[in-house]
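Engineer: Here is my input, please return the structure:
(chains A and B, ligands or ions: 1)
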Amino acid sequence: MRPGRSLFDKIWDAHVVAELGGGHSLMHVTRHLMHDGDGVPLQRLTARGLKVRSPELTFATLDHTVSTEPGRTPATASAFAARLALIRARAAAAGIRLFDIGEPGQGIVHVIGPELGLSLPGSLIVCGDSHTCTHGGLGAVAFGIGASEVLHVLATQCLVQRKPRRMRVRFEGRRAAGVTAKDMILHLIGRIGAAGGVGYAVEFAGAAVRALQIEERLTLCNLSIEMGAKIGLVAPDETTFEYLAGRPYAPAGAAWEAALRYWRGLPSDEDAVFDREVEIDAGAIAPQITWGTSPEQVVAVDQRVPDPAAEPDPARRQAIEAALDYMGLQPGAPIAGTPVDWVFIGSCANSRISDLRAAAAVARGRRVAEGVHAWVVPGSEAVKRQAEAEGLDRVFKDAGFEWREPGCSMCLAMNGDRVPRGQRSVSTTNRNFVGRQGPGARTHLASPAMAAAAAISGRIADVRRL
Amino acid sequence: MEPFTVLTAIAAPMPEPNIDTDMIIRIERLRDLEPHQLGPYAFENRRYRPDGSETPDFVLNREPYRRARIILAGPNFACGSSREAAVWALRGFGVRSVIAPSFGPIFVNNCYQNGLLPVVLPEAAVRALIEEVEAAAGRAEVTVDLRECTVIAPSGGRWRFEIDALRREALLKGLDDVALTLSREAEIAAHEARDRAARAWLYPATATG
Ligand code: SF4
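Structural biologist: Modelled structure (predicted):
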């Protein structure tokens, strides 16, 4: 009898064009998403005399380098004018649909894929960006690739990949109030480490995952790469189908019915075998906040930052010391109460409408603390419009937040939006690396509600006590 | 792509875990520079002070490590962003192989596209190599032999490493994936035709958005 197959196996196997030996396969790509950094591979493709093989499976938007200044024009963030012109021209020439500034569909590539119904259960999605794992929240195998691989996909609609091993992480029990998908994934990374998922495709399962809405599942999968796993995914279910129905690129009519039949067969078989299993009691998770310069350097908001003296491994002890030094924190000090200068609510981890609602619920009727700069950057044009229709922009502005245009912004500080040297930011992003939000910037990762609570309090605060 | 066969070279110890690709090459450098121009900016935040002068105690600023062609790294080296520029910057500096207990997964594939060899060895082996190299003040060279899939320490100690046959072949010959895959177009077309028939819902006929 054939052994049970996992969700991941079923999707992977459906995309194998040929086995290449040595554990490698030639994989067909059913969605290729592109962003404003991808003009160069398109240009290199043409220079090699090659064409885009499947433009109808390729979609592009502008996010990493665009200005997020209110009232932005093509001239804002002009440092990148050449880059934007390049991708626009090359995409048009190749017949690739590009969602441009000002139209619904523009936004952070990992926000717009799900939102447009481009990211579908059972598909294999790639993008030249490591947070492509986000799309796994819809039950897809989705992973980030490098620039040479982007060129390879453009030319052949395929990729040479080695099949990863399978890990299942089951979050059992029920989340407590104030605990979000962001807290679940940060807690997991803290537990298994930033390399804990290297070599694996990770399926998130269990009652507490089933209970998550799609946007929360996208957040959960978004940070898979922060534990070293290129791929994270959640089995599609009724919540998934409800989310997708009626989206612009989702199948409709008879095609929808056929898709539903297929999707219902995707969840892992009862007897599917995983190379590693991790179980987490979701009920024991408290709101999380990172203290260091790796996402694994994380504590519950009511805990203390570690003391390097307690770490036996010399390389790790040095890493803790270096992180505390960079972050300007005292060993063993409580993390709550640390004064903050900036708050950034945005990025492909947490910039969707439900994230903005959660932050607005904390901000409503309150004021950003004196001296704190607080930004809200919606993940896409569609999220921005929806938030404005709900009056969330007013809630934020009344509280003293800045309401900006959609893009990656201060998540990687490429477009000039950055946290100044030595200043401290609570951010809803996914990377607290040294210099990530600007040279010398100090980043604490947290959920949107925790970020809003920090903005109001002027210090790192437990959202449950506000 | 430049083939990789055997490399005997100075090896620089960087045992810190979780060195990310943001640290290897800053995002700002991706704006205006070409891949071959990135070498001087590898590990920029570590190599230089804000005023542009060198940080004297950073390993790659010290002799003989300035001439390192191998990095002996900690766990999860080059995790984080998918930026291939991290590989270009390392290559630009002169690095041809990184030996570590584990790597960021996207970085590994990017290495294979650019003739850089990522070698996975157990943490204890990397530590032993670092100790030997440091005991000789860096002057003892390490050998990475891809033909034999072996790392040879200055003292002669040997560790075998695993690498997928396909990746090994391509590195030894300096082959590029694209040309190989293009030659399989008939198989790709057949697969796609089957998939379009079985899962028509997955293929947007035209962009309707
Ligand atoms: S929001 Fe941040 S993490 Fe997400 S794609 Fe943009 S830069 Fe990358």
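
Engineer: going forward, measure contacts and count neighbours with C-alpha atoms only.
Structural biologist: Noted.

Engineer: per-residue confidence for the closest residue to A:Ala323 other than its chain neighbours?
Structural biologist: Residue nearest to A:Ala323 in three dimensions, not counting chain neighbours: A:Gly292, with 5.1 Å by Cα to Cα, 6 or more residues apart in numbering or on different chains. Note on A:Gly292: pLDDT of 98.

Engineer: my guess is A:Gly292 contacts A:Val299, does it?
Structural biologist: No. Using Cα atoms under 8 Å, A:Gly292 is not in contact with A:Val299, being 9.8 Å away.

Engineer: and the residue of the stretch 201-350 of chain A nearest the ligand?
Structural biologist: Relative to the ligand, the nearest point of the stretch 201-350 of chain A is A:Ser347 (3.6 Å; Cα to the nearest ligand atom).

Engineer: Please, which helix or strand holds that residue?
Structural biologist: Applying DSSP states H and E as the criterion places A:Ser347 outside every helix and strand.

Engineer: So it versus chain B, what's the distance?
Structural biologist: 14 Å (Cα to the nearest Cα, to the nearest Å).

Engineer: wait, is A:Phe171 part of a strand?
Structural biologist: Yes. Under DSSP: H, G, I helix; E, B strand; the rest coil, A:Phe171 falls within a strand.

Engineer: Surely it and A:Val209 touch.
Structural biologist: Yes. Checked against Cα under 8 Å, the pair A:Phe171 and A:Val209 is within contact range at 6.3 Å.

Engineer: Report the residue spans of chain A with pLDDT below the cut-off.
Structural biologist: Applying pLDDT under 70 to chain A flags the ranges A:1.

Engineer: which parts of it sit against the ligand?
Structural biologist: Counting by Cα under 6 Å from any ligand atom, chain A comes close to the ligand at A:His64, A:Ile108, A:His131, A:Ser347, A:Cys348, A:Cys408, A:Cys411, A:Leu412.

Engineer: Reformat these as a markdown table; add secondary structure and neighbour count.
Structural biologist: Below are the residues of chain A next to the ligand laid out as a markdown table (DSSP: H, G, I helix; E, B strand; the rest coil; neighbours: other Cα atoms under 10 Å in any protein chain shown):
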| residue | secondary structure | neighbour count |
| --- | --- | --- |
| A:His64 | coil | 21 |
| A:Ile108 | coil | 25 |
| A:His131 | helix | 29 |
| A:Ser347 | coil | 28 |
| A:Cys348 | coil | 28 |
| A:Cys408 | coil | 30 |
| A:Cys411 | helix | 29 |
| A:Leu412 | coil | 27 |
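
Engineer: Next, the contact list for A:Val31, please.
Structural biologist: Actually, residue A:31 is Arg. It isn't Val. With contacts taken as Cα atoms under 8 Å, 6 or more residues apart in numbering or on different chains, A:Arg31 has the following neighbours: A:Leu57, A:Thr58, A:Phe59, A:Leu118, A:Ser119, A:Ser123, A:Leu124, A:Ile125, A:Val126.

Engineer: Scan these and report the most crowded one.
Structural biologist: A:Ser119 (31 neighbours; other Cα atoms under 10 Å in any protein chain shown).

Engineer: Give me the nearest residue to it, chain neighbours excluded.
Structural biologist: Spatial nearest neighbour of A:Ser119, chain neighbours left out: A:Gly113 (5.3 Å); criterion: Cα to Cα, 6+ apart.

Engineer: And for A:Tyr249?
Structural biologist: A:Gly117 (4.7 Å).

Engineer: Isn't that neighbour up against A:Ala250?
Structural biologist: Yes. Assessed by Cα under 8 Å, A:Gly117 is found in contact with A:Ala250 at 4.6 Å.

Engineer: shared neighbours, the two?
Structural biologist: Residues touching both A:Gly117 and A:Ala250 (Cα under 8 Å, 6+ apart) are A:Leu244.

Engineer: How confident was the prediction at B:Leu7?
Structural biologist: For B:Leu7, the model assigns a pLDDT of 98.

Engineer: Which secondary structure element is home to A:Val202?
Structural biologist: Per DSSP H and E: strand A:200-205 holds A:Val202.

Engineer: For that strand, which strands pair with it and how are they oriented?
Structural biologist: Here strand A:200-205 has these sheet partners by DSSP bridges: strand A:165-172 (parallel), strand A:231-233 (parallel).

Engineer: next helix or strand past the shortest one?
Structural biologist: Per DSSP H and E, the first helix or strand lying C-terminal to strand A:231-233 is helix A:238-244.

Engineer: Please tell me how far the residue nearest to B:Phe58 when sequence neighbours are not counted sits from chain A.
Structural biologist: Closest residue in space to B:Phe58, ignoring its immediate chain neighbours: B:Arg47 at 6.1 Å, by Cα to Cα, 6+ apart. Computed as Cα to the nearest Cα, the B:Arg47 to chain A distance reads 14 Å.

Engineer: What count of nearby residues applies to B:Arg47?
Structural biologist: A count of neighbours around B:Arg47, defined by other Cα under 10 Å, yields 20.

Engineer: same question, B:Ala197
Structural biologist: A total of 10 residues lie near B:Ala197 under the criterion other Cα under 10 Å.

Engineer: Helix, strand, or coil at it?
Structural biologist: Counting by three-state DSSP, the backbone at B:Ala197 sits in helix.

Engineer: and it, how far is that from chain A?
Structural biologist: Here B:Ala197 is placed at a distance of 12 Å from chain A (Cα to the nearest Cα).

Engineer: Contact partners for that residue?
Structural biologist: Applying Cα under 8 Å, 6+ apart to B:Ala197 gives no contacts.

Engineer: A:Ala255 too?
Structural biologist: B:Ala200, B:Trp201.

Engineer: about what we covered before: dump the strand holding A:Val202 to CSV, restricted to CA.
Structural biologist: Provided in CSV are the C-alpha atoms of strand A:200-205 (Å, rounded to 0.1, in the frame of the first residue of the first chain):
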residue,chain,number,x,y,z
TYR,A,200,12.4,21.5,5.9
ALA,A,201,9.0,22.4,4.4
VAL,A,202,6.9,23.1,7.5
GLU,A,203,3.2,22.4,7.7
PHE,A,204,1.4,24.3,10.4
ALA,A,205,-1.4,22.3,11.8
